[in-house]
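>>> Sequence first, then the predicted structure:
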Amino acid sequence: MMSPQLALEVKPLTIEHVPEILALQDLIIETLSDKKSYYREENDYFFKALQGGDYSLGLFDRGNLVGYNIVSLPDDIQNLGYEVGLYESALSKVAHWGPAAIHPSLQGNGLLKKILVKQLKELKVSGYEHIFLTIAPCNYSSLAAVLQQGFLIKRIKLKFGNLLRYILHLDMSRTLKKPICQVRVTGEDLESQKLLLTFGFYGYSVESEKSGTTTLLFGHDGLEETL
């Protein structure tokens, strides 16, 4: 439960915030049991991202950074739109989300959602239509948060050198509807998930079972276009 004395404010990040971002990033990593679930970015990445636009937002408590989500505008080579076969004409309308972080003492309170909702509105107004991000398969809490915003799991690939990641895509011009086909797969069964993605399925929901097992729901829209 959050302290009632917190005074939280969401506002744009600048390069002046990089030292605080790096410090919070390291704090997050220190608390993780699986260090590979969070890729540590270096100074250069944050400087480049924060010089590329005003979409990266931080969550502040009385001027102290307690959360953030970085938005970067990719060049042609790094554009995750290529990973899902996005049309060439749409690549200029792509933005990347992440990394994101919330101070360990404030996690579990839905604070990241406050940042994400504001960013979605600003990006849509600016003409961006496709948002991509990557998440470690074991990071179910973050996965659930972005799936609730309409993101879909489109690929499972090695990224950041040799780290397995979901690639998630949000098409802001597309209205989500109930899939024609639905398949339930345990979160640990990545091979079955990869096979489903190969056949045009997409991951759209996370459910926690009473047994402690986490289940992912995959859907398919039949013969309709999925991108």
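Yes, it's here. Here the structure is a predicted model, which means the values were calculated and not measured.

>>> Run the chain-centre distance for the helix or strand Val146 falls within.
Assigned by DSSP states H and E, Val146 belongs to helix 140-147. Taking CA atoms, centre = their mean, to the nearest Å, the mean C-alpha location of helix 140-147 is offset from the chain mean by 8 Å.

>>> as a whole number, average confidence for it?
What helix 140-147 shows for mean pLDDT is 87.

>>> how far is whichever helix or strand comes after it from where the chain is centred?
Remark: after helix 140-147, the chain's next helix or strand is strand 152-159, criterion DSSP H and E. Chain-centre distance of strand 152-159: 11 Å, with CA atoms, centre = their mean.

>>> before we move on, what about stretch 185-192?
Using CA atoms, centre = their mean, the offset of stretch 185-192 from its chain centre is 20 Å.

>>> residue ranges of the strands in this protein, please?
Secondary structure of the chain (DSSP state E): strands located at 8-12, 57-61, 64-72, 94-102, 130-135, 152-159, 163-171, 181-186, 202-208, 214-220.

>>> mean confidence for the second one?
Looking back up the chat, that one is strand 57-61. Here the average pLDDT along strand 57-61 is 95.

>>> how's the protein carved up into domains?
Per automatic domain parsing, the domain ranges recorded for the chain read 8-176, 178-227.

>>> Quick check: which of the ones you listed is buried the most?
Neighbour counts (mean count of other CB atoms under 10 Å) averaged over each of the domains of the chain peak at domain 8-176, with a mean of 17. Using the backbone N, CA and C atoms, a C-beta is placed for each residue, glycine as well.

>>> so how far is the first residue of that domain from its last?
32 Å (CA to CA, to the nearest Å).

>>> All further residue positions should be reported with the first residue as 51.
Sure thing, new numbering starts at 51, so read that last one as domain 58-226.

>>> Touching, Pro229 and Tyr254? I think so.
Yes: using CB atoms under 8 Å, Pro229 is in contact with Tyr254, at 7.1 Å.

>>> what touches both of these two?
Gly269 (CB atoms under 8 Å, 6 or more residues apart in numbering).
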